[in-house]
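*Asks:* sequence and predicted model, in that order:
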Amino acid sequence: MHKLRKFSSGIIVSLVVFFGLLMLPRLVAHAATLTTGSLSISDSRPSTASVTYTATFSNVSNSAIKCIQMQFDTQSDGAGSAPTGMVTSGATYNAAGSDYVPDVQSWTAASSTAGLVKITNATGETAAGGTGIVVLTGITNGSTAETSYFMILTTFTDDACTGGNEVDTGTVKFIYTTGQLVSLTIDPSLTFTVDAVADTETVNGEDLTITTTDGTIPFTGVTVSANGVGAHLLTVNTNAGGGYTVYTRYTAALTNVASDTITDHTGTNAQPSSFPSVGTEAFGYTTTDTTLTATGDGADRFTTPANQWAAFTTGNLEVAYSAGPVSNEETTIGYQVGVAGATEAGVYNTTIILTATPTY
């Protein structure tokens, strides 16, 4: 499948792809093995601060615990070191988003050693069993991209998290990526690439006017009589049984130094619409995927009728979807911008983020 994107003159776009999890077993004496694990990172760009890490595991023992330990390490057995540049001293346990324990008691996260966070309660609680979620906020990512690291979650019967008192343990793999974030889970295969598209191509029947790069959408030549149109080719490979979804969003409306903005297109992801004629100020996207989840105007809502467009928002919007494993599945995401005679002069910028999330 194909998908495309578009932007206006001078727009600089950084693309974010999320890589999350590969589960690797780690054996600890006397501890039961957690299964079906995943680690979701809210922003996987290196050195990003205030990041949320969400660990999910199945096969949780229905046992009393006083410590939940999350260790981030260069080795799967925890014998290495924390990822370079990772800061966990400000980590906070998010009880509202977690359900590993009932949270009747007050649990507190502390990290005196880089990469090692201990969530403890002196009274303790009995883990709910089944599937458990632990959420940490306030973490600063490591500084090295495209290197595999491991998160080892272990629970203990004592609040000192003493070796020999383990209850459960499980390990997942995660990766930091420059400007791109893709989530992975147990034993996955997942690749997600964003490639440039030349101005000789089309997207949903719309002729492209610019050539993009992997990281920029350089709109040029946009006038009241000529819109700017660009695109990227998204390619996904995954063996995830539940398929995948690619989402897009922007960080803010296209804005210049004087805080003037380009008006968003009126169409929405659920109900896209035709892009307005030249001379009308608007900014939006389209996708060539005809098998989106059937919300709004249907799975083929961007292509039937042809050439439909939607406005970017700061929340994730679906632009590619598959219900099962895929090999080299292609989608084109297109971007279009138009200006009016009254559009204020200036260089307008925003950042487009793409996130690929598999479902295992």
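*Replies:* That came through, no problem.
*Asks:* go through the top strand by length along the chain and flag the buried ones.
*Replies:* Longest strand in the chain by number of residues, with DSSP state E as the criterion: strand 326-338. Neighbour-count burial for strand 326-338, counted by 16 or more other Cβ atoms under 10 Å, picks out 326, 329-338. For every residue, glycine as well, the C-beta is placed using N, CA and C.
*Asks:* parallel or antiparallel, which strands does that strand pair with?
*Replies:* If you go by DSSP bridges, strand 326-338 pairs up with strand 3-6 (parallel), strand 228-238 (antiparallel), strand 282-287 (antiparallel).
*Asks:* buried residues in the longest one?
*Replies:* Okay, so that is strand 228-238. Buried residues in strand 228-238, counting neighbours by 16+ other Cβ under 10 Å, are found at 228-236, 238.
*Asks:* out of those, which one sits closest to T193?
*Replies:* T235 (4.8 Å; Cβ to Cβ).
*Asks:* residue contacts, the closest one?
*Replies:* Counting by Cβ atoms under 8 Å, 6 or more residues apart in numbering, T235 touches 191-193, 195, 328-330.
*Asks:* make JSON lines out of these and add pLDDT and distance to T202.
*Replies:* As requested, the contacts of T235 are exported to JSON lines (pLDDT from 0 to 100; distance: Cβ to Cβ, whole Å):
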{"residue": "T191", "pLDDT": "94", "distance to T202": "26"}
{"residue": "F192", "pLDDT": "95", "distance to T202": "23"}
{"residue": "T193", "pLDDT": "96", "distance to T202": "21"}
{"residue": "D195", "pLDDT": "96", "distance to T202": "16"}
{"residue": "N328", "pLDDT": "95", "distance to T202": "21"}
{"residue": "E329", "pLDDT": "96", "distance to T202": "20"}
{"residue": "E330", "pLDDT": "97", "distance to T202": "14"}
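*Asks:* distance from the next helix-or-strand element following the longest strand of the chain to the middle of the chain?
*Replies:* Note on strand 326-338: by DSSP states H and E, the next helix or strand toward the C-terminus is strand 352-358. Distance of strand 352-358 from its chain centroid, counting by Cα atoms, centre = their mean, to the nearest Å, is 5 Å.
*Asks:* give me the helices and strands touching the helix or strand containing M151, please.
*Replies:* Following DSSP H and E, one finds M151 within strand 148-156. Applying 3 or more Cβ pairs under 8 Å, 6 or more residues apart in numbering; DSSP states H and E, one finds that strand 148-156 contacts strand 51-60, strand 64-73, strand 166-175.
*Asks:* now those strands as TSV including mean pLDDT and mean neighbour count?
*Replies:* Shown next, in TSV, are the helices and strands packed on strand 148-156 (pLDDT from 0 to 100; neighbours: other Cβ atoms under 10 Å):
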stretch	mean pLDDT	mean neighbour count
strand 51-60	96	21
strand 64-73	97	23
strand 166-175	96	24
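*Asks:* for those, give me JSON lines that also has distance to A79.
*Replies:* Converted to JSON lines, the helices and strands packed on strand 148-156 look like this (distance: least, Cβ to Cβ, whole Å):
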{"stretch": "strand 51-60", "distance to A79": "20"}
{"stretch": "strand 64-73", "distance to A79": "8"}
{"stretch": "strand 166-175", "distance to A79": "12"}
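*Asks:* out of those strands, flag the one nearest D158.
*Replies:* Closest to D158 of these, according to Cβ to Cβ: strand 64-73, at 5.5 Å.
*Asks:* how much space between V134 and T178?
*Replies:* Distance, V134 to T178, by Cβ to Cβ, to the nearest Å: 27 Å.
*Asks:* more crowded one of those two?
*Replies:* When V134 and T178 are compared for neighbours, V134 comes out ahead with 26 against 16, by other Cβ atoms under 10 Å.
*Asks:* now the angle between strand 148-156 and the strand or helix carrying the more buried one, please.
*Replies:* Taking DSSP H and E as the definition, V134 sits inside strand 130-139. Taking axes from the mean of the first three to the mean of the last three Cα atoms, to 10 degrees, one finds strand 130-139 and strand 148-156 inclined to each other by 120 degrees.
*Asks:* how about the CA coordinates for strand 130-139, as CSV?
*Replies:* Output in CSV follows, covering the C-alpha atoms of strand 130-139 (Å, rounded to 0.1, in the frame of the first residue of the first chain):
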residue,chain,number,x,y,z
GLY,A,130,-3.0,-12.6,35.5
THR,A,131,-1.9,-9.5,33.6
GLY,A,132,-0.1,-6.7,35.4
ILE,A,133,0.8,-3.2,34.3
VAL,A,134,3.5,-0.9,35.9
VAL,A,135,3.9,2.7,34.8
LEU,A,136,6.9,4.9,35.5
THR,A,137,7.0,8.6,34.6
GLY,A,138,9.7,11.2,34.7
ILE,A,139,12.5,9.2,33.1
